[in-house]
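> Provided below for reference: sequence and predicted model.
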Amino acid sequence: MKQDSILSAALRSCPTTFRFRGDGAQVRGNRELCLPTAPLVSFLTTTTSGSGGVASLFVIKGRDQGHRFELEGVSVGIGRDASNSIQLHDTEVSRRHAEVRRDDDKFQLTDLGSSNGTFVNGRKLTDSHPLASGDRLQIGASEMLYTGPSETGAADLAKQIKIISRGKGGDGSQIVQSMGQDESSDLLSGISRPGQSPWLARARSNLQIMYRTALAVSHTLDIDQLLQRIMELIFEWVEADRGCIMLVHPETGKLEPKVRRDRKGVATEDKITISKTILDYVREKNEGVLTSNAGDDDRWDTGASIVKMGIREAICVPMQGRYDAVGVIYIDTTTSARRLVQQGLANKFTSEHLKLMVAVAHQAALAVEDTSYYSAMVQAERLAAVGQTIATLSHHIKNILQGIRGGSYMIEMGLEDHGKLIADSGESSSEQLAKAGETIRRGWDIVEKNQEKISKLVLDMLTFSKEREPDLQPGDVNQVASDVVELMVSRADDFDVELGWEPGQGIPTLTFDAEGMHRAVLNVVTNAIDACDKEEGSFVRVATDFDAKRRLALITVEDNGGGIPPDEIDKIFLLFESRKGQRGTGLGLPVSQKILKEHGGQIIVESEVGRGSLFTLELPAVFPVDHHVGEDTMDGTQDV
Amino acid sequence: MSSKQSVLIVDRSDDSRAVLRMALQRRGLEIFEASRYEAARQWAQGHPVDLVVVDLERQGLDIENSSESFERQQDWGEVPLVLLGSARRKNGKDNQTDAGQFIAKPYRYGPLIRRIEELLETSQQADRAA
């Protein structure tokens, strides 16, 4: 049985099907905006396409999972050998396995006579294959997703589409009718109207079902939840007693039950027995079937299991996705002998039901594929992020370890000298002993400095990683800033930076997490000192103020360092995006920002290359409960 | 002209320079220090030294492949070069660059100092032979 052509057409035009046909160029932007109902292509584009819309391959399975390879140059080799532009660390991949050749903006994939072959969307390549966005490549045990180059940049589109104000050269259009989302679905309502043909009523009803299916599948990224919804919808439309959805296990290829549903108030058997003959037919032929053991379908005559099933009608349909069948949906209904006597032999399931089930199953399969690939992408991204985190942290820990080794080595030298001097006590002078002591002291200072570094790193990591509640207590903002300045004096001296401190007057006692704020200010001041790269005349000024109008305590940290280029300002609060090279962990500013956000505040950055930067930490004023705030206080004229 | 062999240490970290300086001075070497690579290179044009130790990582010059290390060696001509840097290297080679010596962090000072002494010894022998 083939899919109904009208329904197939409806399917092709439904939003879920559209997901894979969209032009990625139009959806680039904030990744979070695309979630959780993100179309897969837009997800691929936002996460895997380079900034210039370069075509790329993203490894979603295999040892290189999480790696994204941009397809640059005329020919890109894929293989196990290091000479390939895309080297896959997969023993099932040949040394020179495949090649992607570029012809303008088109990319052709060719297998280079590999041992295990190259597959695109489950089909083995026998010839060159033109790649299309969303294509799934299987090379050895590795799977990659292809994202094509963007055809039209956002800048080009901006020229093609213009938004104008009313009366400024427009065509004078006025709104004559408007419609909300709810009403649009009413248009597809299956309720028959007087004089309407039964065919039209049925078509409307079917469209309504498809509309609701499309909505249902587009609102979840949890496969179990998704299948549950599909089953609920099916039970609303079809008079089934029992139903289940089975998905193909990606590794074993066997069907695994995922969801089961029984109609309330209908006594059903505990176990759903499904004929293997039917399942095999559905999977092999990729067709939905309607069965009835009271029927006359001669295809089942040889299937012994049908006979055992009693008087039962069933519909079993394949969940055909974009690439493969991802599972089957099965529903059945049993008519008891007594009802048969009362009502005669009347089929509950019709070919109309079957058509709908095929269409619904296809929709469900597309959604299952979306969800699976989305999960694979998220997992791949997560692995990549974990890898980056480990690499960055290892790097910092390695440098700290190097420092500790240096300090220890110095202590060792000092102790060695000291030991020799004690052994030759007769000849040792107090000056030499003091020198050995000084060496030990210097070594110990280095060790301590590195202990501080690792302690700061650990604290920053903890602050960043934990969802913590700030410990809100009445406190003095000036005290916090002053403590930080005092702590940073020696670092500023080391770097020949003049550290200034201008405490604001009339700042009221506020409720905040003093320890957290200390950390936030400390990180910003440390950065400011590190940013000073002048040979002389470098300064960092810390100041506080209270903006009574905006009810904000302000802590400003100004430096006359190198400044931050405008295109890098957005990045400075990103994790591990250090601008300090080897000296920075890339944790400091994200931690400060997090702490301010925990207080409902923020950090504002103004910077000019070559002139320096001004960081303003805005802490919203929360007054202690027993604190009475008068107008005078808010004007900042009266100290409380 | 001083009979002492001389070593130029190029490292942004005062502490690292201090450790190496102290260790090498105890072995009778004359030590020059610089915190920045370019300044050190210019200074060395008028002040020949017997060996140069550069912490590449702290200079933001860490080498990803052998051609870069070759370029670094070009900066110093025949002078033996010891490069200290991160272990992440694409060509998979560990310690030996095409020209200089690459030592991956975190290194131990004992072996580093022994390596410096060996290189100085070799270059001294070569000078004598010449």
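Here it is on my side, so go on.

> how far away is the residue nearest to the spatial centre of chain B from chain A?
Nearest to the geometric centre of chain B sits B:Val53, at 2.0 Å (CA atoms, centre = their mean). Distance of B:Val53 to chain A, given as CB to the nearest CB, to the nearest Å: 13 Å. Placement of C-beta: from N, CA and C, glycine included.

> and if you look at B:Leu56?
In this view, B:Leu56 and chain A are 10 Å apart by CB to the nearest CB.

> identify the bridge partners of the closest residue to that residue other than its chain neighbours.
Spatial nearest neighbour of B:Leu56, excluding adjacent residues (CB to CB, 6 or more residues apart in numbering or on different chains): B:Gly85 at 4.0 Å. For B:Gly85, the beta-bridge partners are B:Ala104 (DSSP bridges).

> wait, B:Gly85 touches B:Gln101, no?
No: proximity of B:Gly85 to B:Gln101 does not meet the contact threshold set by CB atoms under 8 Å, at 11.1 Å.

> with neighbour numbers in mind, choose between these two.
Higher neighbour count among B:Gly85 and B:Gln101: B:Gly85, with 23 against 20, using other CB atoms under 10 Å in any protein chain shown.

> looking at the more buried one now. What's its pLDDT?
We have a pLDDT of 82 for B:Gly85.

> swap in A:Phe495?
81.

> also A:Met210?
You'll see A:Met210 listed with a pLDDT of 80.

> from what I can see it touches A:Gln363, true?
Yes: between A:Met210 and A:Gln363 there is a contact under CB under 8 Å: 7.2 Å.

> sorry, back to before: looking at this, the residue nearest to the centre of chain B is in a strand?
Yes: according to DSSP: H, G, I helix; E, B strand; the rest coil, B:Val53 belongs to a strand.

> beta partners for it?
Bridge pairing for B:Val53 (DSSP bridges) gives the partners B:Ile9, B:Val82.

> got the residues of the stretch 251-400 of chain A near chain B?
Residues of the stretch 251-400 of chain A lying near chain B by CB under 8 Å from any CB of the partner chain: A:395, A:398-399.

> returning to what we had before: neighbour-wise, which of A:Met210 and A:Gln363 wins?
Taking other CB under 10 Å, A:Met210 and A:Gln363 do not tie; A:Gln363 has more neighbours (25 against 20).

> distance from the chain centre to the helix or strand containing that one, please.
Assignment of secondary structure by DSSP states H and E places A:Gln363 within helix A:351-423. Distance, stretch centre to chain centre, for helix A:351-423: 15 Å (CA atoms, centre = their mean, to the nearest Å).

> which strands and helices lie in contact with the helix or strand containing A:Ile315?
Here A:Ile315, judged by DSSP H and E, is contained in strand A:312-320. Judged by 3 or more CB pairs under 8 Å, 6 or more residues apart in numbering or on different chains; DSSP states H and E, the packing partners of strand A:312-320 are helix A:276-285, strand A:289-292, strand A:325-334, helix A:351-423.

> will you turn those into JSON lines that also has mean pLDDT?
Converted to JSON lines, the helices and strands packed on strand A:312-320 look like this (pLDDT from 0 to 100):
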{"stretch": "helix A:276-285", "mean pLDDT": "86"}
{"stretch": "strand A:289-292", "mean pLDDT": "85"}
{"stretch": "strand A:325-334", "mean pLDDT": "89"}
{"stretch": "helix A:351-423", "mean pLDDT": "85"}
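
> which one of these has the most crowded surroundings?
strand A:325-334 (a mean of 23; mean count of other CB atoms under 10 Å in any protein chain shown).

> average pLDDT for the helix ranked longest in chain B?
Identified as the longest helix of chain B according to DSSP state H is helix B:109-129. Per-residue pLDDT over helix B:109-129 has a mean of 88.

> now do it: distance to the chain's middle.
Its chain's C-alpha centre lies 11 Å from the corresponding centre of helix B:109-129 when counted by CA atoms, centre = their mean.

> near chain A, which residues of chain B show up?
So chain B meets chain A at B:12-16, B:18-19, B:22-23, B:26, B:57-58, B:60, B:86, B:105-110 (CB under 8 Å from any CB).

> Produce a PyMOL select command limited to the buried residues of these.
The buried subset of the residues of chain B next to chain A, as determined by 16 or more other CB atoms under 10 Å in any protein chain shown, is captured in PyMOL by this line:
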select buried, chain B and resi 12+13+15+16+18+19+22+23+57+58+86+105+106+107+109
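
> helices - which of the residues of chain B next to chain A land there?
Those of these lying in helices (DSSP H): B:14-16, B:18-19, B:22-23, B:57-58, B:109-110.

> among these, which one sits closest to A:Met144?
Lowest distance from A:Met144 to those (CB to CB) belongs to B:Glu57, with 32.9 Å.

> list the contacts of that closest one.
A:399, A:582, B:84-86, B:105 (CB atoms under 8 Å, 6 or more residues apart in numbering or on different chains).

> and those residues as a markdown table, adding distance to A:Pro620?
A markdown table is the format used below for the contacts of B:Glu57 (distance: CB to CB, whole Å):
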| residue | distance to A:Pro620 |
| --- | --- |
| A:Asn399 | 37 |
| A:Gln582 | 36 |
| B:Leu84 | 47 |
| B:Gly85 | 46 |
| B:Ser86 | 42 |
| B:Lys105 | 44 |
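
> for chain B, give me the ranges with low pLDDT.
For chain B, the stretches flagged by pLDDT under 70 are B:1-2, B:60-71, B:87-100.

> let's go with 50 and repeat that
For chain B, applying pLDDT under 50 flags the ranges B:1, B:89-99.

> ok so, going back, and the ones in helices among the residues of chain B next to chain A, which is closest to A:Val368?
Among these, B:Glu57 lies closest to A:Val368 (CB to CB), at 47.7 Å.

> which parts of chain A sit against chain B?
A:395, A:398-399, A:401-403, A:405-407, A:409-410, A:413, A:439, A:442-443, A:446, A:449, A:494, A:581-582.

> rerun at 10 Å
Within chain A, the residues that sit near chain B (CB under 10 Å from any CB of the partner chain) are A:82, A:391, A:394-395, A:397-410, A:412-414, A:416-417, A:439, A:442-443, A:445-447, A:449-450, A:494, A:581-583.

> buried residues in stretch A:68-83, which are they?
For stretch A:68-83, by 16+ other CB under 10 Å, it's A:68-71, A:76-80.

> and the end-to-end length of that stretch?
Using CA to CA, to the nearest Å, the end-to-end distance of stretch A:68-83 comes out at 17 Å.

> can you redo the residues of the stretch 251-400 of chain A next to chain B as a markdown table with distance to A:Asn523?
What follows is those, written out as a markdown table (distance: CB to CB, whole Å):
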| residue | distance to A:Asn523 |
| --- | --- |
| A:His395 | 19 |
| A:Lys398 | 21 |
| A:Asn399 | 18 |
